[in-house]
Each structure stands twice: as structure tokens, then as C-alpha cells.
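1. no sequence for this one, just the structure:
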């Protein structure tokens, strides 16, 4: 949980994915679009953006990707085996550099005969003395081009008659904003970008998405995609995937996600069930989905949406073990159940932890009022060891309210199966071996990486914030709308060791929070002792206030007092 920029463990309040996978049947290798990516040289951080670009393409299951850091080694015979070239490569600042005459002729022949070329951000800022390359690449850094520091931009004014952008809704992105780009006069703009300059505040409104035709070849360029932060934006990912299909001469089939569409509140609610998921759907959009028996090794909620805006994020590149809304112990008897093993933390290798969170039984009830009840039996054990802890997990997901909000009640009953079960975490500052990122464990939320402008609301003043009975974390969404999540402690089942743990690093982006149950100290359970933890989690659209959130807490209190009464649990603290 290490992060050096803004790690906000609300101990002092000083101390923020979606990978996009279009819903599509998996194509055979022969039917995938064959893509060659030019990389290995760029005046931008290609070492970070190229691997992410490869992941975006591969995760779509539509593209067979080959990467080269030596574009000059490809002849016409080798180029023509690919339907699409994507350039994340340039010669800047050596703009007058030229390839061999043979290579230039081969590249032009490839495009003229139907090969597609897609250039990202500075990916076409090369060969300024070679005019045909400008036509193919469309846009480049020019003598009057400028940009300020990275800022939030509004991508909009999409051409609804072009196959790439038809149906696309506007979205917001954190990116470097180019003004006065050197755009080839034959190109056509199909999308624009507006922002306020981060340095002096002046208004910017410029075309930012372009297409062109060179012979039979289709060309695409966007000024977007400066860095890894920008490429993590799901709106840009969808745009690039659709552009890649179009440039390759294919029908554009990449679906535009619900988050980029306007929600029709009149669409009917329906249940979707598989052997590993239960989903509440409204029209074509998902409201929530609970995932179990999946490749990630733990049960989790994702997506969690409000007004078609996806609040959660699963397995981001920086922390692949972060799973939307999920519960995980860090260490049980010294065995790590949180992170994945070094050799098992990618889709290619599979995901495996040192400690196994094994689902023994799952019972799901989907109710006529569109609420749901889920009951699970879970065992915890080392990969090669016997079970040391079991859990009964009871979940109740409310029916959506008229404003689009809904809640999840999570009840966790943990029973020690051995003489002593130690529940522990990375030490915090002030302890031997303490780390600034230590203390995390338990219920957690990892938020959508499209989000901006994090907001935290607590019932208490900042000096006591870490001990509040509830905490809200909200954002501006991909579409610029407000949304967030409030987590409430059950007051009778909250440990004194619990403290709110929050990260709001907008550079990664890394937005996370948790009622970290072990933050202040570890817990020791003796055999047959039970630890009970209970929470209510609200998914909330729109603006919220402290008063409204406190009212949600008071309602929870009244309900539990009526239905459950007072209960007790046993545990030992070391």
C-alpha cells in the first residue's frame, strides 16, 4: 500500500476499470486485428505508456499485438502482415531525421494499400521534412504549439456520424492540453477538448480527435494520451479501441460503456445470474455485481454504479489485488492473504496469494423487490496448510431507491479454528519496522481511476476524524457528475483498533479508503472465539452533506436496534 505522493492516513488528516473490457465474445487468434506498435523512442514516458497500451488492446480480446522498438527494421513485406500500426514513438527533438528511402517507400506503400495508422499524442511528431508522414500521422508539435501543466479537460463535440464516435458521450480527463497543434489540412476533426489552462487560467477550446484517409489507408490521431494517468481514463480507452478497429478497416463493434451514455431511468431492472456472479441490471447498464469463485481469489463487488457512473475499480496496474469493494485480511499467523505472490499477479500468470481465501459455499437470493441476500461460508488457510479461520458472511443489498442510491449490509463472523489466530498488518509509524503505508486490513474500497476532485466528509472534526462512526468519499465522475460511497461502522461491532485509512493520490490516480480494523494493533483470537464485524455501505449519487450522511447513520442505528438487539463477541488483543 506504498505511495509516496499523497498518502492520507486519516490519523492526522494531513498524512487519490476499469480497465475497460468491452463485452464481446473472444475471437480466435486468426480473427483478431494484427497490430504492430512502434515504441522505444519518444520524448514522453513510453516505458510506462506502451505497456499500458498493450494491456488495453489485449484486454479487449480483439487485437493480436506485436511490439517493436526498431521500426526501421520492418520492410513492406513485414509491415503488410499487420492491419494496423500504432505509433507511440517519435524522433523529437531531432525533427529532421529521415529513414532510408526504401523504408519511406515501403511505409507509404503499406498505408496506400490499406494499412491503418493510429498515432497517440506526440506519436506523430517525427520526420518534419517528409510531408507524406504528416498526412498519415495527422498531428504534431508545431512552432506555435504550447501546453501548460496537466489539468482536467472536457472531451466533447463528438461527430455522431463517424463510426468511431457515433454514440460517444462527452467525458472528462486529466491530461496535457495542446493548443495550436500542427494538424494536416486534409484531416477532419471528430472530437474537441475544452479546459482552463492550469498556469494562467485562460480558456481553451480546440479540436483534439482527428481522422484522415491516405490512399486506401485510414489514419487517426488524438492530442490526448500524454501519460499513464491519461491512458487509464476509460473514455480515452474506448475511443482508442474504436479508432483501432476503424483504422484496421473493421466494423466498429467496441461497445460504449454505460458510463458514457445517458441513463434511462424508465428501463426495467433485471437479474443476471451465473455460477460465479450475481448482477442487478437496468437496461444494458449494470447497477451492481457481486463476483465469487473468480480468478482473483476473493469475493468482491464490481461494478458498483450510481446513475451509470462506475464507482469502483478492479485490479489496477499499481495494486492488482485491489478488488472494487472487498474484504481481505493482511496477515493471518504471519501468512499474507492480501497481496498476490510476485510470480502470480498478472492475467497471464493468474492470481495467487500466500494465503488462500477459499469459498466453501455460496447461497444467493434475488428478491422480487430487487434486493438481494447472499450467504457465504469461507475458509482461510495457507496454500499447503490446514484451515486456521472460518467465516460466515451475510450480505444484504437493498433495492435501488428512486434517487439511484442503494446500500449493502455486510456482516462477518470469524471463528478461530486453531489454538491461536493472529490477525495482523504491516506495522505503522512508531512501531518497530513501521511504514507510512502500514495499518491496512479488512473492508476496503478502490475507486474508479477516471475520477477527479476527491471529497471527504466525516461526522467529526479533523483531529478526531479517524475515529468517526462513518466516512464518505466522493468525486467528480468521468462525465463530471458527483458520486461517492459512505461506509458506516456498526457501533456494537466496531473495535477500538479501527481507524479510517484513506489515500487520495490524484497522480496515479489512487483513491482508496477503509475502516482499517487492525490499524492500531493486531488481534489474537483463541480457539472457538468469534470476531464479529458489521458495516453498511451506501452508494450515493449527486451532492451530499454532512447532515444527510449523519441521517443515514441514525437510520442504520434505529434499524439495528429494532432487528438485532445487543450482541457481544469475544477476542483477545495482544
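-> Nice, thanks for sending it over. All of these numbers come straight from a predicted model, not from anything done at the bench.
2. nearest residue to residue 456 other than its sequence neighbours?
-> residue 473 (5.7 Å; CB to CB, 6 or more residues apart in numbering). Yep, even glycine has a C-beta here, placed from its N, CA and C like the rest.
3. Check the gap between that neighbour and residue 436 for me.
-> To residue 436, residue 473 is 20 Å away according to CB to CB, to the nearest Å.
4. Have a look at the two and say which one is more surrounded.
-> residue 473 (25 against 15; other CB atoms under 10 Å).
5. pLDDT at the more buried one, what is it?
-> Listed pLDDT for residue 473 reads 97.
6. and if you look at residue 15?
-> In this model, residue 15 carries a pLDDT of 30.
7. now residue 492
-> pLDDT at residue 492 comes out at 83.
8. Low-confidence stretches in the stretch 351-500 of the chain?
-> For the stretch 351-500 of the chain, the stretches with pLDDT under 70 are 462-465.
9. show me where it has strands.
-> Assigned by DSSP state E, counting those that start in this stretch, the stretch 351-500 of the chain shows strands spanning 355-366, 372-382, 389-397, 406-416, 420-424, 442-446, 452-457, 470-476, 482-489, 499-505.
10. Just list what the fifth one packs against, helices and strands only.
-> Just to be clear, that refers to strand 420-424. strand 331-332, strand 523-526 (3 or more CB pairs under 8 Å, 6 or more residues apart in numbering; DSSP states H and E).
11. Residue 141: neighbour count?
-> Neighbour tally, residue 141, other CB under 10 Å: 23.
12. same deal with the one 10 residues further on?
-> By the criterion of other CB under 10 Å, residue 151 has 17 neighbours.
13. helices and strands around the helix or strand where residue 534 lies, which ones?
-> Element membership for residue 534, per DSSP states H and E: strand 530-541. If you count contacts as 3+ CB pairs under 8 Å, 6+ apart, strand 530-541 packs onto strand 300-306, strand 406-416, strand 442-446, strand 482-489, helix 546-563.
14. want to throw those into JSON lines with mean neighbour count?
-> Listed next are those as JSON lines, based on neighbours: other CB atoms under 10 Å:
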{"stretch": "strand 300-306", "mean neighbour count": "26"}
{"stretch": "strand 406-416", "mean neighbour count": "20"}
{"stretch": "strand 442-446", "mean neighbour count": "24"}
{"stretch": "strand 482-489", "mean neighbour count": "24"}
{"stretch": "helix 546-563", "mean neighbour count": "14"}
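15. would you list these in CSV and tack on distance to residue 93?
-> Shown next, in CSV, are the helices and strands packed on strand 530-541 (distance: least, CB to CB, whole Å):
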stretch, distance to residue 93
strand 300-306, 43
strand 406-416, 53
strand 442-446, 39
strand 482-489, 42
helix 546-563, 52
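16. what angle sits between the strand holding residue 534 and strand 442-446?
-> 20 degrees (axes from the mean of the first three to the mean of the last three CA atoms, to 10 degrees).
17. residues of strand 530-541 that come out buried?
-> 531, 532, 533, 534, 535, 536, 537, 538, 539, 540, 541 (16 or more other CB atoms under 10 Å).
18. For it, the averaged confidence score.
-> 97.
19. With stretch 214-224 instead?
-> The model assigns stretch 214-224 a mean pLDDT of 98.
20. gap between the two ends of that stretch?
-> This stretch, stretch 214-224, spans 22 Å end to end (CA to CA, to the nearest Å).
21. Buried residues, it. List them.
-> Quick answer for stretch 214-224 (16+ other CB under 10 Å): 214, 217, 218, 219, 220, 221, 222, 223, 224.
22. Closest one of these to residue 120?
-> residue 222 (6.4 Å; CB to CB).
23. Surely the closest one touches residue 242?
-> No: using CB atoms under 8 Å, residue 222 makes no contact with residue 242, being 11.6 Å away.
24. tell me the domain boundaries of the chain?
-> With domains defined by automatic domain parsing, the chain comprises 29-256, 325-563.
25. which residues does the closest residue in space to residue 48 that isn't next to it in sequence contact?
-> Closest residue to residue 48 apart from its sequence neighbours, by CB to CB, 6+ apart: residue 228 at 4.6 Å. Going by CB atoms under 8 Å, 6 or more residues apart in numbering, residue 228 touches 45, 48, 49, 52.
26. Over to residue 69?
-> 39, 40, 41.
27. Narrow these to those in helices?
-> Nothing among those maps onto helices, per DSSP state H.
28. Report the buried members of those residues.
-> Of the contacts of residue 69, these count as buried by 16+ other CB under 10 Å: 39, 41.
29. how about the contacts of residue 69 in TSV, adding pLDDT and distance to residue 363?
-> Below are the contacts of residue 69 laid out as TSV (pLDDT from 0 to 100; distance: CB to CB, whole Å):
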residue	pLDDT	distance to residue 363
39	98	49
40	96	53
41	96	56
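30. Could you single out the nearest of the contacts of residue 69 to residue 408?
-> residue 39 (42.3 Å).
31. what's near enough to touch that closest one?
-> Neighbours of residue 39 in contact, by CB under 8 Å, 6+ apart: 46, 50, 67, 68, 69, 88, 89.
32. swap the cut-off to 7 Å and go again
-> 46, 50, 67, 69, 88, 89 (CB atoms under 7 Å, 6 or more residues apart in numbering).
33. Just give the closest residue to it, not the sequence neighbours.
-> For residue 39, the closest residue by CB to CB, 6+ apart turns out to be residue 50, at 4.2 Å.
34. In contact with that neighbour, which residues?
-> Counting by CB under 7 Å, 6+ apart, residue 50 has contacts 37, 39, 67, 88.
35. The helix or strand harbouring it: which residues count as buried?
-> Using DSSP H and E, residue 50 falls within helix 46-59. Within helix 46-59, the residues scored as buried using 16+ other CB under 10 Å are 46, 49, 50, 52, 53, 54, 55, 56, 57, 58, 59.
36. Tell me the gap between that helix and the middle of its chain.
-> 14 Å (CA atoms, centre = their mean, to the nearest Å).
37. avg pLDDT for it?
-> For helix 46-59, the per-residue pLDDT averages 96.
38. quick revisit: quick one: strands adjacent to the strand holding residue 534?
-> strand 406-416 (antiparallel), strand 482-489 (antiparallel) (DSSP bridges).
39. Was I right to think residue 495 contacts residue 517?
-> Yes: in terms of CB atoms under 7 Å, residue 495 counts as a neighbour of residue 517; the distance is 5.8 Å.
40. These two: who's more crowded?
-> residue 517 (27 against 21).
41. which ones are touching that one?
-> 441, 442, 495, 497, 498, 533.
42. Tell me how far it lies from residue 487.
-> 12 Å.
43. one step back: now, the buried residues of stretch 214-224 that are in helices?
-> Per DSSP H, these never map to helices.
44. Serialize the strands paired with strand 530-541 to TSV and add fields for distance to residue 274.
-> Putting these into TSV (distance: least, CB to CB, whole Å) gives the following:
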stretch	distance to residue 274
strand 406-416	20
strand 482-489	25
